[in-house]
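Asker: Quick one: sequence plus predicted model below, questions after.
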Amino acid sequence: MNKIYILLLFAFTMTIHTADAQQKKAKPKPVVKIPQTPFAVFGNTSNFYTNVDNPITIEVEGVPHADVQVSCSDINLSVSNIGDNKYLLRPFQAGTYTLDITSIRDFRSAKYTVNAIDPPLPTPSLMLNNAGLRKGGEIMVSILKAATVMLAQVENFDYDLKYVITGFTLTHIPKKGEPINVENQGPMFGAAVIAEIQKCKAGDLYIFSNIKAKASGATDPRQLPNTIAYFVKEPVKP
């Protein structure tokens, strides 16, 4: 009888321990809240330039670059992933934009604000055949008559940005006579400008003003503050 009682007591005790172990095993784990994803931004973090590809590096702590997404909801800023945490930002208009940085591994996210400004304006000059570019000054009759195009170049700028002249006003002030104004569209000299330049004589002054240029990718041209002038001088006597 005592043996039966002991066996029953042992079986009952084991049942209690088994049930208690199963209950502990089934108890859910506490939810751990993941803090906001830390991220680091490298490169030009002050201002980004419109209509050029601005390089930037964005790293998210503990997340491989393949699991990081960087985007912008504004259509005026394009974001290109070129790999290894590196991106190219191209703003099409000046302004402030917000980047959405997301980890697709755990869906943490962060935001980063960038400011876009227009790049420096170019300097206009005439292409004078063998004389090269000339930004104004004294010029020989034969050299000025050979000019057919105006160029615009950005000086001391690290980005690949090209401008095209969209128009200008030529003012011819003869040594004797009244000033003549001629409008021109585009960088190449039109018939009216060429005809006026062919009249040049020593002592004449040619002024190029109201110069406008458009950057590659831009919608509208920009007014250049520069005015370039050429004073026609006497040929050098042998």
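Answerer: Ah, there it is. Please read all numbers here as calculations on a predicted model, not as lab measurements.
Asker: switch to C-alpha atoms for all contacts and neighbour counts from now on
Answerer: OK.
Asker: For the closest residue to Glu196 other than its chain neighbours, give the beta-bridge partners.
Answerer: Excluding the flanking residues, the one nearest Glu196 by CA to CA, 6 or more residues apart in numbering is His172, at 7.3 Å. Taking DSSP bridges as the rule, His172 bridges to Ile180, Tyr206.
Asker: I'd like to know how far His172 sits from Ile228.
Answerer: According to CA to CA, to the nearest Å, His172 stands 12 Å off from Ile228.
Asker: Same check on Val182?
Answerer: In this view, Val182 and Ile228 are 15 Å apart by CA to CA.
Asker: Comparing these two, which residue is more hemmed in?
Answerer: Ile228 (18 against 14; other CA atoms under 10 Å).
Asker: so how far is Val193 from the residue nearest to Glu196?
Answerer: The gap separating His172 from Val193 is 10 Å, by CA to CA.
Asker: Excluding chain neighbours, what is closest to the most centrally placed residue in the chain?
Answerer: Nearest residue to the geometric centre of the chain (CA atoms, centre = their mean): Val52, 3.2 Å. Among residues not flanking Val52 along the chain, Arg90 sits closest, at 5.6 Å (CA to CA, 6+ apart).
Asker: wait, isn't Asn226 in contact with Ala213?
Answerer: No - the pair formed by Asn226 and Ala213 falls short of the contact definition of CA atoms under 8 Å, at 11.3 Å.
Asker: Show me which of the two is the more surrounded one.
Answerer: More crowded of Asn226 and Ala213, by other CA under 10 Å: Ala213, with 26 against 17.
Asker: Now do the more buried one, the pLDDT please.
Answerer: Listed pLDDT for Ala213 reads 96.
Asker: what's the helix or strand for the residue nearest to it when sequence neighbours are not counted?
Answerer: Closest residue to Ala213 apart from its sequence neighbours, by CA to CA, 6+ apart: Ile165 at 4.2 Å. Using DSSP states H and E, Ile165 sits within strand 163-173.
Asker: Tell me, domain by domain, which residues of the protein belong where.
Answerer: 39-117, 123-233 (automatic domain parsing).
Asker: Give me the neighbour count for Ile180.
Answerer: By other CA under 10 Å, 12 other residues sit near Ile180.
Asker: tell me the contacts of it?
Answerer: Counting by CA atoms under 8 Å, 6 or more residues apart in numbering, Ile180 touches Thr171, His172, Ile173.
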